[in-house]
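Asker: what's the 3D shape of this:
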Amino acid sequence: MKTISPADLREPFYEGSVQRLFAVPGDDSIMVTQTTSRGSVFDVGALFEIEGNDVNRALFRHVLYSRMADPAVWQRVRQAILDAPELDEDYRRDLLTGLLESCCERGARTHHEGMLDAVTGEVSRGGVPANPSACNVVRKYQILKPSRTNFLGAHLFDYSPFGHEDGFVVPLEYIVRFGITSASSVYRKYTAMDAGARRAFEHELGVSRPLEAWQYLEKPVSDFTSKFEPEDRMVSKQEALVMSGLSGEQFADSGKLAVLGAWAVRHLVEEIGLLMWDIKWEFAKDGDELVFVDTIDTDSIRATMFIDVEGGRLVTHYNKQAMRDYFALLHDDWISDIKEAKALGQKAGLAFTEILKAGQEKGEYAATPGVDPVFLDLQVRKMAAIRDYITGLAAAAVVREALAEAGREEIEFYRAKGVLEGLRKINGISS
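Answerer: Numbers count the residues shown, from 1 in each chain. Below is the predicted model of the structure:
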């Protein structure tokens with residue numbers, strides 16, 4: 001592949017809250033993704049910046065996707081599945097056959113082509129370039145979006161054309177859960193149900209016992225959300241199959257591949273003392289094959305560490321859940337306004353951000369808050385420590401202690417703000 005100087009990239013053809021996409025002159029089959037240091041939570045767009053996180057995100061993506069092309073990674077996944085004592089034997093046997101056997105022989109397909117060297121523009125396919133950049137090169141796939149339709153006042157989305165297409169991003173986010181956290185959408189939905197609805201939901205997820213926060217499940221479970229609708233929407237497995245544009249067999253394979261990929265990432269983060277609870281994946285359909293696509297970084301996973309403090313044990317987060325908790329604990333009025341705007345937007349079939357912005361301009365909704373620099377610095381340290389590990393600059397034990405120290409300081413930050421009991425309420429471990 002020819003060199004692609006980051007300085008020569010033209011205006012992005014897409015600019016989102018956390019990444020930009022650039023065309024590559026003379027080659028329409030690939031594009032350059034440039035991650036930013038900006039962060040987004042609650043679907044309201046960029047709210048804050050974590051210094052250095054543009055390159056950190058790109059490095060995580062580059063290293064992880066490069067590893068997923070390596071058969072040795074999948075051989076370790078195979079051993080982890082064999083060693084997991086809690087797995088039902090039929091479930092274990094299903095995971096070990098078919099797709100995993102193929103991955104153990106030739107690796108998994110991803111859309112990743114490599115990282116650009118920030119100085120030379122050379123594309124590094126395997127190791128980390130001498131001058132890491134925020135730019136990765138990926139293969140392009142079609143983005144097809146469902147059309148809107150109405151049924152007696154209800155706003156619906158038509159996915160029927162997807163089944164006749166190829167080379168497109170499947171319009172779903174695949175969420176694989178090794179356990180349930182107190183902040184997960186699944187757990188919030190579950191706790192709001194009556195007993196009968198809970199049992200039905202347990203059956204839909206595929207679990208055999210009631211859900212408990214901060215407990216690992218007896219086996220990973222999968223759920224799905226819409227990808228290209230104005231709001232992410234949790235859908236059943238049956239609806240996900242219909243929406244996907246895949247055959248029944250391909251859809252089943254995509255779900256299995258998401259679980260196997262989750263195990264590969266879990267192995268990576270456990271080496272630095274983190275517990276991985278869930279991860280989001282996206283796939284593209286490429287003929288008869290499925291391809292891992294889109295961003296994958298620390299914000300795509302929910303990884304935590306348990307910290308013992310006076311009065312009990314608390315959970316600290318090493319992805320953007322830390323930022324969600326910050327706003328929830330220190331700016332709950334703004335969070336309440338977002339919830340109201342979302343409810344109004346869903347009823348009216350409008351983007352809630354339009355309603356939120358209009359309300360803020362009228363003074364009816366709280367202004368978007370900033371982030372305390374002390375708290376932001378703690379997030380910088382967390383992400384830098386993870387970067388140093390995945391690039392080989394620091395040993396696992398050193399990074400593990402650095403992450404624990406940042407977690408302890410984060411707890412003390414909340415203590416100084418007078419909201420430690422609020423933190424304990426949402427992230428406390430009762431045992």
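Asker: can you give me how far stretch 115-126 is from the chain middle?
Answerer: Averaging C-alpha positions (CA atoms, centre = their mean, to the nearest Å) puts stretch 115-126 25 Å from its chain's average.
Asker: sorry, that was for stretch 320-334
Answerer: Between the centre of stretch 320-334 and the centre of its chain there are 18 Å (CA atoms, centre = their mean).
Asker: for the closest residue to Arg76 other than its chain neighbours, give me its contacts.
Answerer: Once flanking residues are discounted, Arg76 sits nearest to His267: 6.1 Å by CB to CB, 6 or more residues apart in numbering. No exception for glycine: its C-beta is placed from N, CA and C like everyone else's. His267 makes contacts with Arg76, Val77, Ala80, as judged by CB atoms under 8 Å, 6 or more residues apart in numbering.
Asker: what about the last one, how many neighbours?
Answerer: Counted with other CB atoms under 10 Å, residues neighbouring Ala80 total 14.
Asker: using the three-state scheme, assign it.
Answerer: helix (DSSP: H, G, I helix; E, B strand; the rest coil).
Asker: that one and Trp263 touch, don't they?
Answerer: Yes. Between Ala80 and Trp263 there is a contact at 5.8 Å, judged by CB atoms under 8 Å.
Asker: doesn't Arg302 belong to a helix?
Answerer: No. Judged by three-state DSSP, Arg302 forms no part of a helix; its state is strand.
Asker: the nearest residue to it once chain neighbours are set aside is in what secondary structure piece?
Answerer: Excluding the flanking residues, the one nearest Arg302 by CB to CB, 6+ apart is Trp277, at 4.4 Å. Following DSSP states H and E, one finds Trp277 within strand 275-286.
Asker: tell me which other helices or strands that strand touches.
Answerer: Judged by 3 or more CB pairs under 8 Å, 6 or more residues apart in numbering; DSSP states H and E, strand 275-286 is in contact with strand 168-169, strand 172-180, helix 248-270, strand 289-293, strand 301-309.
Asker: what sits against the residue nearest to Ser184 when sequence neighbours are not counted?
Answerer: Nearest residue to Ser184 in three dimensions, chain neighbours excluded: Asp278, at 6.8 Å (CB to CB, 6+ apart). Neighbouring residues of Asp278 by CB under 8 Å, 6+ apart: Ile175, Val176, Arg177, Phe178, Gly179, Thr181, Ser184, Ala262, Ile301, Arg302.
Asker: generate a ChimeraX selection restricted to the buried entries among these.
Answerer: With 16 or more other CB atoms under 10 Å as the criterion, this ChimeraX line picks the buried residues out of the contacts of Asp278:
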select :175,176,177,178,179,181,184,262,301,302
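Asker: how about the contacts of Asp278 in JSON lines, adding distance to His331 and pLDDT?
Answerer: What follows is these, written out as JSON lines (distance: CB to CB, whole Å; pLDDT from 0 to 100):
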{"residue": "Ile175", "distance to His331": "26", "pLDDT": "94"}
{"residue": "Val176", "distance to His331": "31", "pLDDT": "95"}
{"residue": "Arg177", "distance to His331": "28", "pLDDT": "93"}
{"residue": "Phe178", "distance to His331": "30", "pLDDT": "93"}
{"residue": "Gly179", "distance to His331": "28", "pLDDT": "91"}
{"residue": "Thr181", "distance to His331": "21", "pLDDT": "89"}
{"residue": "Ser184", "distance to His331": "21", "pLDDT": "83"}
{"residue": "Ala262", "distance to His331": "32", "pLDDT": "95"}
{"residue": "Ile301", "distance to His331": "25", "pLDDT": "91"}
{"residue": "Arg302", "distance to His331": "21", "pLDDT": "92"}
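Asker: no further queries at this time; thank you.
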